[in-house]
Structures are given as structure tokens and as C-alpha cells.
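[1] have a look at this prediction, sequence included:
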Protein chains: 2
Amino acid sequence: MTPEQPNAILPDAPTNPVQALLEAPLSLRERKKLKTRQTVRREAYRLFVEQGYENTTVEQIAAAAEVSPSTFFRYFATKEDLVLTDEYDPAMIASLMARPAGEPFLRSCRETLIGLIRTLLQHERQELLTRMRLVTQVPALRAGLFRIGNSPHELYLDVLTRRAGLDEPTYDMRVTAAAIGAATTEAVLQWAAGDGREDIADLVDRTFALLESGFAGV
Amino acid sequence: MTPEQPNAILPDAPTNPVQALLEAPLSLRERKKLKTRQTVRREAYRLFVEQGYENTTVEQIAAAAEVSPSTFFRYFATKEDLVLTDEYDPAMIASLMARPAGEPFLRSCRETLIGLIRTLLQHERQELLTRMRLVTQVPALRAGLFRIGNSPHELYLDVLTRRAGLDEPTYDMRVTAAAIGAATTEAVLQWAAGDGREDIADLVDRTFALLESGFAGV
DNA sequence: CCTCCTTTTGATAGTTACTGTCATTTGACA
DNA sequence: TGTCAAATGACAGTAACTATCAAAAGGAGG
């Protein structure tokens, strides 16, 4: 179906770790799987927007994407995963680990987050908005954000632990990861709840300013 | 079954808002419902500890509590609610609203939280430990903590908004509520993950110290 | 082009959490 | 004791998964 030329969509070499991972070269077979995955997800979003998340069954999605329900569940472990999983965690981790060693963690997070979001906005702005809006509006999805194995919380905790060269995180790291994870999630969701025209960097900056201030003004 | 004496378990008048709500007088019929609710919950916890949360079906719980599955769902909207719902939110809100007007929100939270937990530890220490451990160990439950309509996040946000005399929360309030909610939740879960002998007040204090410091040391 | 082998797919049956409805039972109260 | 509302249970149905197994597809080697 698609010509099997090497991955030459963007001719120039990727510049940052986020783009690097987004544009990794793919073997022949992987392409088809990726395409199916994208089709399923696209059809799902279309149906979600048309008739709502709860009112859309997996069966409908599978039918729209022209795969069997069995196949659907091979691509997405749960219906929630259609919205909640992304492929950016490795990029985020790499970007965080690449920050200067002595830099305060809050600053590392700020830079990484803004970089990642900027990249995503270029490539898939509308999809990102749709996803985040679904998360804000559907209780099950909002909750799913904090499922073990999936949460920003755990990503931050992982990086904090590795940065310190430890095997197990300290208590302070756990609390820090929880607070930053929740705050940044809130920032992105609030951005999506608006019309999407507001500059996400401004929101992120306000968020980190608040965190750094120790909530003195509240 | 139980003699219908007025609520005289503790003879002296309740001293703080938390106890006040825990000991509110109940009408005759309410007692039975409360008892059923407690039985169902107790049997459920027993089964959860014995054979795990996921391996325990609602049908089993209903049978153990000698009610029909239909009745089970009249008492608990979802299986998760067995673990996730409590009756302390109103007490928490009341206690928070009763703090001095100008007090920094972090301090209000600290005092309220420690007061509430102390009270709970006296009345139902073991159950609290069991519940929190289930939450830490079962992904679905951990996620459920953040379901809309249920989360500490929303409780804090509600109080912040009302304290300021507003109808809608500001962006800063949203972020603050998210961060504090996640951090305090983490504190309680970490306490439960340990042997339960550590003084929860110490953990809470460390948590709030971290929040106040702006994560300077991390 | 044909063959073999692996990967991917689809069909099918089953489990479980939950929803809705309706008849029956229960318990308070006159 | 009779009455009425609240509580319960039985039943049928939906939808998200899970497990299993046979069929199809696609690539490597002859």
C-alpha cells in the first residue's frame, strides 16, 4: 500500500531527542502495524467526538477501523489506552536525563516539558487538543491518568531516582514527583480546556512559579 | 438486633468537627442501613485480604454479606467504592473552613489533615491501614483516587474557591489543589506502605516542608 | 513460482462489573 | 391488624475484557 521507501518524510536530521524518537526508522512490517494502530485511533477519536466516549463501544471502533474486536485489543489493552497512551515517555525521559547534572529539578522539568509540547503542537496539534479535552471531560480517563505504570508521577520519580544514582526513591522524591506530576498535568489539561490559543508555555511557567514559591500567596 | 439506645458510645460531647460528624445521631432505620453497609464492607475487606482485590467478585462479597448483588450495588455504586469512599469529606471541609481566615493554605491543610488522621487512627486504625494498602497495591484503586467527584484535589479546590469568596477557581487555585492533593495522598499511602508504626504526623510535616520549600533541594 | 514457517488475524465462548425493571418483602406507624 | 413507603431480590441485558484455536497473510529460501 504505502511505498516502502526509507523514512524520508523529513529530510533533515532530527535536532532534539524528542524528534529523534518520533522519527525513528521503521522496519517494513512495523509500518503496517503502525498504520493499523493509527487508523484505529483516528476512527476512535472521530467517533468519540461525534457521539461521546461512553457512548462509543469498542465494537463500533473496531468496525469503523475494519478490524475485529480481537485485533482491537491486541493494539490497545483497554479502551482508555486509546486516549491515555502515548509514545513520548522515552523521549521525555531522555530529555530530562540530558539536562545538566546540578540543575534544579523544577527547571529541568520546565525546559523539557515546554520543548516536548512545542514539538507535539507542530506535529499533531488538533489530536493533542482532542485527547486532552477527552481526559478533562471523562471521569474514567482523568482517573486513568494516574494508573500505575502510566502516570507522569512515575516518570518523574524514575528520573529523580536515576539522577541521584539510587535504586529506590527517597520519600522526598516520591512527594516531589507526585506534586510536580499533578501540577503539570493540571496545566496541560487547563490549556486544553480553553480554546487552545493560549500559549502553553505561559501556563507552564505560571505553574512552576507557583511550585517554586512554596504556595506562599495562597 | 442492636438495641436502639441513643448514640451514647462516647459520653462526652464531641470536641472537634471531625468527631462531631462521626458521631452524628442516627434515626432508627438509618441504623440498619449503616449496619448493612458496614457488614458488606467488612466482608469485602476480609475477602480482599484473603484472596486479593481482583480475585474477589462482587457476587462473592454479596454472598458473604448475605445480601443480593442488586443490594450490593445499592450500597456501593462500584466495587472500587468499597475502598475509595469515606464519610470524612464533609468533616474535612468543615475543619478547613474553620481555620483562621488569613492563615496560609498549606498550614490550614497541615493542621486539618493531622487532626483528621489522628481521629481516624483512634477509631479505625486497622481498617485505615488495610484500605490504604489496597490503594497502593491495586492499580485500579490508585487510579480511582483521582476520579472526578471523589478526589482530594477537588476537595481542596472547593475550599480554596469558597475561602476566596469566588464562584469559579482561578488557575493558581487549580494547580495548588492538584499539587497539595497529590502530595498529601502520597504521604498517606507511603505511611500505609510501611508498617504503620511511623508517626503519620512526621510524614505530613516533611511533606509540607517540601511543598513550602519550593522543592529547592531537589 | 512454490513451500515452509512465523506473525497476525478473526471467530467463538466465557467472565465480570454494572444497569434497569418489576414483583415481593419488610418494617414503621396508625 | 392493615396500610403504605422503603428496601430487597430475581431476572434479563450490556459492554469491556480474556483465552483459545483455527485460518490467513507475508516474508525467506529454494
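    Cool, the structure landed.
[2] residues from chain A in reach of DNA strand C?
    Residues of chain A lying near DNA strand C by CB under 7 Å from any atom of the strand: A:29, A:32-33, A:36, A:66-71, A:74. From N, CA and C alone the C-beta is placed, and that goes for glycine too.
[3] per-domain residue ranges of chain A.
    A:27-79, A:83-213 (automatic domain parsing).
[4] comparing the ones you listed, which comes out most buried?
    Highest mean neighbour count among the domains of chain A (mean count of other CB atoms under 10 Å in any protein chain shown): domain A:83-213, with a mean of 18.
[5] that one vs DNA strand D: in contact?
    No. Counting by CB under 7 Å from any atom of the strand, DNA strand D is not contacted by domain A:83-213; separation bottoms out at 9.0 Å.
[6] that domain close to chain B?
    Yes. Applying CB under 8 Å from any CB of the partner chain, one finds domain A:83-213 touching chain B at A:104-106, A:139-140, A:142-149, A:153, A:160, A:171-176, A:178-183, A:185-187, A:190, A:203, A:206-207, A:210-213.
[7] first to last residue in that domain, what's the distance?
    Counting by CA to CA, to the nearest Å, you get 33 Å between the two ends of domain A:83-213.
[8] so what secondary structure elements neighbour the helix or strand hosting residue A:189?
    Using DSSP states H and E, residue A:189 maps to helix A:171-193. Applying 3 or more CB pairs under 8 Å, 6 or more residues apart in numbering or on different chains; DSSP states H and E, one finds that helix A:171-193 makes contact with helix A:105-137, helix A:152-163, helix A:200-213, helix B:171-193, helix B:200-213.
[9] mean confidence score for that helix?
    Mean per-residue pLDDT for helix A:171-193: 94.
[10] quick one: work out the angle between that helix and helix A:105-137.
    50 degrees (axes from the mean of the first three to the mean of the last three CA atoms, to 10 degrees).
[11] would you mind writing the CA trace of helix A:171-193 as CSV?
    What follows is helix A:171-193, C-alpha atoms only, in CSV (Å, rounded to 0.1, in the frame of the first residue of the first chain):
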residue,chain,number,x,y,z
TYR,A,171,10.4,9.8,50.5
ASP,A,172,11.1,13.3,49.4
MET,A,173,11.4,12.2,45.8
ARG,A,174,8.1,10.4,46.0
VAL,A,175,6.3,13.5,47.2
THR,A,176,8.1,15.8,44.7
ALA,A,177,7.2,13.5,41.8
ALA,A,178,3.6,13.4,42.9
ALA,A,179,3.3,17.1,43.3
ILE,A,180,5.0,18.0,40.0
GLY,A,181,3.2,15.3,38.1
ALA,A,182,-0.2,16.5,39.3
ALA,A,183,0.6,20.2,38.8
THR,A,184,1.9,19.8,35.2
THR,A,185,-1.0,17.5,34.3
GLU,A,186,-3.3,20.2,35.5
ALA,A,187,-1.5,22.8,33.5
VAL,A,188,-1.9,20.8,30.2
LEU,A,189,-5.5,19.9,30.9
GLN,A,190,-6.3,23.5,31.7
TRP,A,191,-4.7,24.5,28.4
ALA,A,192,-6.9,22.0,26.6
ALA,A,193,-10.0,23.1,28.4
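[12] and the angle for it with helix B:200-213?
    Using the same axes, to 10 degrees, helix A:171-193 lies at 60 degrees relative to helix B:200-213.
[13] helix A:171-193 to helix B:152-163, inter-axis angle?
    Using the same axes, to 10 degrees: helix A:171-193 against helix B:152-163 is 70 degrees.
[14] what's the span of stretch A:57-69 from first residue to last?
    OK, stretch A:57-69 end separation, CA to CA: 10 Å.
[15] is any residue of that stretch near DNA strand D?
    Yes. Judged by CB under 7 Å from any atom of the strand, stretch A:57-69 and DNA strand D are in contact via A:57-59, A:69.
[16] now the one residue in chain A that gets nearest to chain B: closest residue in space that isn't a chain neighbour?
    Going by CB to the nearest CB, chain B is nearest to residue A:182 of chain A, at 3.5 Å. Nearest in space to residue A:182, with sequence neighbours left out and distances taken as CB to CB, 6 or more residues apart in numbering or on different chains, is residue B:182 at 3.5 Å.
[17] against residue A:150, how distant is the residue lying closest to residue A:131 once chain neighbours are set aside?
    What sits nearest to residue A:131 in space, not counting adjacent residues and going by CB to CB, 6+ apart, is residue A:83, at 5.4 Å. For residue A:83, the distance to residue A:150 (CB to CB, to the nearest Å) stands at 11 Å.
[18] brilliant, that's me finished.
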